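J.: just need the structure, nothing else, for what follows:
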Amino acid sequence: MKNLFKTKFDVAVIVLIPACIGINYLGKLFASVLKLPLWLDSIGTCIGGCLGGPIIGAICGAANNLIYGFSAGDNITLIYALTSLGIGAAAGIMARLGFMKSFPKAIITACVAGFVAVAISTPLNVLFWGGTTGNVWGDAVFAATQAAIANAGK
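T.: Numbers count the residues shown, from 1 in each chain. A predicted model of the protein is given here:
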């Protein structure tokens, strides 16, 4: 438990970080160009967290959002560096606790990382965009829940 956040910056980790950032960048680019309802920019973050630990996962996630945000001119992505940081840390912590040793435990890790993403992203969505983000699928869910709430009050 005391080694949960211990990180050894050796050659493997130094190579892992840009590789994971590249995977994230390509995933984000692919999903945005094809307008997919998927957040493929977390694949490298989770790989970095599971292989390098929570610090490396957090670095990979946040760095990708900052690099993509500045290079693609996507200001929304910059805000979600906090979310990616949380996802990487969560995946890394779960991996260090042994939750990547079997498929059922890996599913639990994915659920925890998803919960962390929602817990961080939802306040950001509400704070900066009134609940919407410009993602067609996410905004449709938001609109449906708002309509259901409005109809329930009648």
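J.: run the chain-centre distance for the biggest helix by length in the chain.
T.: The longest helix of the chain (DSSP state H) is helix 103-129. Once both centres are worked out by C-alpha atoms, centre = their mean, to the nearest Å, helix 103-129 turns out to sit 8 Å from its chain's centre.
J.: helix, strand, or coil at the spatially most central residue of the chain?
T.: Within the chain, one residue has its C-alpha closest to the average C-alpha position: by C-alpha atoms, centre = their mean, that is residue 84, at 3.7 Å. The three-state label given to residue 84 by DSSP: H, G, I helix; E, B strand; the rest coil is helix.
J.: my guess is it meets residue 65, correct?
T.: Yes: under the criterion of C-beta atoms under 8 Å, residue 84 is in contact with residue 65, at a separation of 5.0 Å. In this view, the C-beta of every residue, glycine as well, is placed from N, C-alpha and C.
J.: joint contacts of these two?
T.: Taking C-beta atoms under 8 Å, 6 or more residues apart in numbering as the contact criterion, the common neighbours of residue 84 and residue 65 are residue 41.
J.: quick check: the residue lying closest to residue 88 once chain neighbours are set aside vs residue 130, distance?
T.: Distances taken as C-beta to C-beta, 6 or more residues apart in numbering put residue 57 closest to residue 88, at 2.8 Å, once the chain neighbours are dropped. Taken as C-beta to C-beta, to the nearest Å, the spacing of residue 57 relative to residue 130 amounts to 30 Å.
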